[in-house]
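# sequence and computational prediction follow.
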Amino acid sequence: MAAITKKVCLLGDFAVGKTSLVRRFVYSIFEDRYLATIGVRVSRKVLHLVDATTDSETTLLLMLWDIAGSDVFSRMRASYLRGAGGAVLVCDLTRPETLSNLKEYLVVLRDLNIDIPLVLAANKCDLIDQVQLSTTALADFATSLSAACYLTSAKDNIAVDVAFEHLGRLMLAH
C-alpha cells in the first residue's frame with residue numbers, strides 16, 4: 001500500500017523545543033544542550049494509523065519541517081508554509097510570551113490563505129516549578145483555533161507521539 005505524504009510545519013519562537021519535539025518523535029532521543037536550528041531541517045516519520053470504525057490502516061508519511069525561530073521565519077514564511085497539510089504550534093510553558101507570539105504565525109497562515117489542521121504543543125511540562133502559563137490560557141487559545149492542546153515534554157517523552165498522531169488523523173480527515 002502506498003503512503004500518503006503530508007507536510008507538517010512546526011511554528012514557534014526560538015528555544016520553545018520544536019527541534020527537541022521532532023527529535024523525540026522521529027528518533028526517540030533527547031539532548032539537554034540547546035541546538036539552534038539554522039534555516040530549515042526536514043525530518044520524516046511514517047505513521048500507521050488504524051481507523052477504529054473500519055479497522056483499515058492508512059500509512060502516513062509525515063515530512064516535518066522545523067525552521068529557525070521568528071526572524072528567519074518572517075523572511076521565509078511563504079515558501080516554508082506552501083503545501084503544508086498541518087502545523088504544530090509550539091509554546092514554552094515557562095515563557096508566557098511564546099504563547100502570545102504564536103498569534104503572529106497565525107496571521108501569516110491567514111494572510112497566505114492557508115486553512116490546515118493545527119495542534120498546540122505546550123512544551124516543557126516537565127519543568128513543573130517553572131511553569132508560568134495557566135491551563136485556562138492554553139485552553140482558551142486552543143479553543144479559539146479549534147485545535148487540540150497537549151502538555152508536552154520532549155525531555156520526558158510526555159504526549160509527544162499522541163500530539164503528532166492526533167495531527168496526522170486530523171490531516172487525513174481534512
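In hand now; what should we look at? Numbering: from 1, shown residues only.

# contact partners of the helix ranked longest in the chain?
In the chain, taking DSSP state H as the definition, the longest helix is helix 160-173. Under the contact criterion C-beta atoms under 8 Å, 6 or more residues apart in numbering, helix 160-173 has outside partners 4, 6, 8, 21, 24-25, 45, 47, 49, 58, 60, 62, 85-86, 88, 116-119, 121, 148, 150, 152-154. Glycine gets a C-beta too; all of them are placed from N, C-alpha and C.

# any idea how far that helix is from the chain center?
Put simply, helix 160-173 sits 10 Å off its chain's centre (C-alpha atoms, centre = their mean, to the nearest Å).

# may I have it as PDB, with CA atoms only?
Provided in PDB are the C-alpha atoms of helix 160-173 (Å, rounded to 0.1, in the frame of the first residue of the first chain):
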ATOM      1  CA  VAL A 160       4.800  13.900  22.000                       C
ATOM      2  CA  ASP A 161       3.600  10.900  19.900                       C
ATOM      3  CA  VAL A 162       0.000  11.500  20.900                       C
ATOM      4  CA  ALA A 163       0.100  15.100  19.600                       C
ATOM      5  CA  PHE A 164       1.700  14.200  16.300                       C
ATOM      6  CA  GLU A 165      -0.600  11.200  15.800                       C
ATOM      7  CA  HIS A 166      -3.700  13.400  16.500                       C
ATOM      8  CA  LEU A 167      -2.500  15.900  13.900                       C
ATOM      9  CA  GLY A 168      -2.000  13.000  11.500                       C
ATOM     10  CA  ARG A 169      -5.600  11.900  11.900                       C
ATOM     11  CA  LEU A 170      -6.800  15.500  11.500                       C
ATOM     12  CA  MET A 171      -4.900  15.800   8.300                       C
ATOM     13  CA  LEU A 172      -6.300  12.600   6.900                       C
ATOM     14  CA  ALA A 173      -9.800  13.800   7.700                       C
END
